[in-house]
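> Sequence and predicted structure are below.
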Amino acid sequence: MIEEPYRWVEAVANRREYIEAQLAGGSPIAAVGYREGILFLTLGRTRQKLFEIYDRVAMGAIGHPGDIERLRMAAIELASTEGFTRSAADVSLRRLAYYSLSPVLKAAFEQIYGAPYLARMLFAEIGERPEDDLFLRVDYDGAIATNGATFSETQQDFGVLSGTRVSTELMESYLKQEHKSGATLQEALDVTLNAWIVGHMALGEDGARELPGNEAIAAERKNQLTTIGVEATILERNATVAIRYRPLTEEEIRPLN
């Protein structure tokens, strides 16, 4: 009996190591606030990674397609139920993450006799003003990271998601330096694509461990855009439109090439 707690801790550690290895190659996702809304961007060949959840909420995810779909549908159902029983204005990303998704992920991760979720998710909720925008990352173990201000850091107007800690941190460092909240859509597309490139270059055992220079980013960007496509969506701040979520058209994305 004395060994049981140790075995559980060891099993959880092994499970974490396994999941991290499975997610390590996931294509990064970046979301930034700009003058007229929030932009999500990633690159990929086939599978969709960006989704609408509710009126003001969008999601990007990496991991197993089946687990992502289960979590996406759960988030949509929870948000829709909240909106129906109360009102659309009462649907809150914080409530959705903290009181619904996070407990489910935590329970699945710690129940060592069941299968965990192989997924990492990035959510954004658009507010009436840029300072009201919320970016929130939910991990496979239920851990949550937000862009909220603390005593040591100011609130950031972006969120990122990647398969490794180093890749995530480098993307955040790049956006802290280069992103401006008052950017136009094209400026936001440009800096977000570069952030993706930074994150991608940090993946793998031989990946970058510090921010690459502008020339290296430009060269890698040109190389990637010849082989894989850009997936980008926006949440529009314009309160007069019923649907805030919109995938960008090819014409809007084409200037990136």
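Everything's here; your move. Residues are numbered from 1 along each chain as shown.

> For the most centrally placed residue in the chain, list each beta-bridge partner.
For the chain, the residue nearest the mean C-alpha position is Leu122 (2.6 Å; Cα atoms, centre = their mean). Beta-bridge partners for Leu122, by DSSP bridges, are Gly60, Arg137.

> wait, it sits on Pro28?
No. Counting by Cβ atoms under 8 Å, Leu122 stays clear of Pro28, with 9.7 Å between them. Using the backbone N, CA and C atoms, a C-beta is placed for each residue, glycine as well.

> still on that earlier bit, ok, the residue nearest to the centre of the chain to Arg244 distance?
Using Cβ to Cβ, to the nearest Å, one gets 17 Å for the distance from Leu122 to Arg244.

> Glu52 now?
Glu52 is 9 Å from Arg244, by Cβ to Cβ.

> residues touching Ala216, list them.
Applying Cβ atoms under 8 Å, 6 or more residues apart in numbering, we find Ala216 in contact with Met201.

> Under a three-state scheme, what state does it occupy?
When classified by DSSP: H, G, I helix; E, B strand; the rest coil, Ala216 comes out as helix.

> And for the one 3 residues further on?
Classification of Ala219 by three-state DSSP places it in helix.

> Just the pLDDT at it, thanks.
The model reports Ala219 with a pLDDT of 93.

> one step back: Glu52 and Arg244: which is more packed in?
The neighbour comparison of Glu52 against Arg244 (other Cβ atoms under 10 Å) goes to Arg244, with 21 against 18.

> Enumerate every residue touching the more buried one.
Per Cβ under 8 Å, 6+ apart, neighbours of Arg244: Gly37, Asp55, Arg56, Ile126, Leu235, Glu236, Arg237, Asn238.

> pLDDT below threshold where in the stretch 101-250 of the chain?
148-155, 239 (pLDDT under 70).

> Helices of that one, start to end?
102-110, 165-178, 185-201, 214-225, 250-253 (DSSP state H, counting those that start in this stretch).
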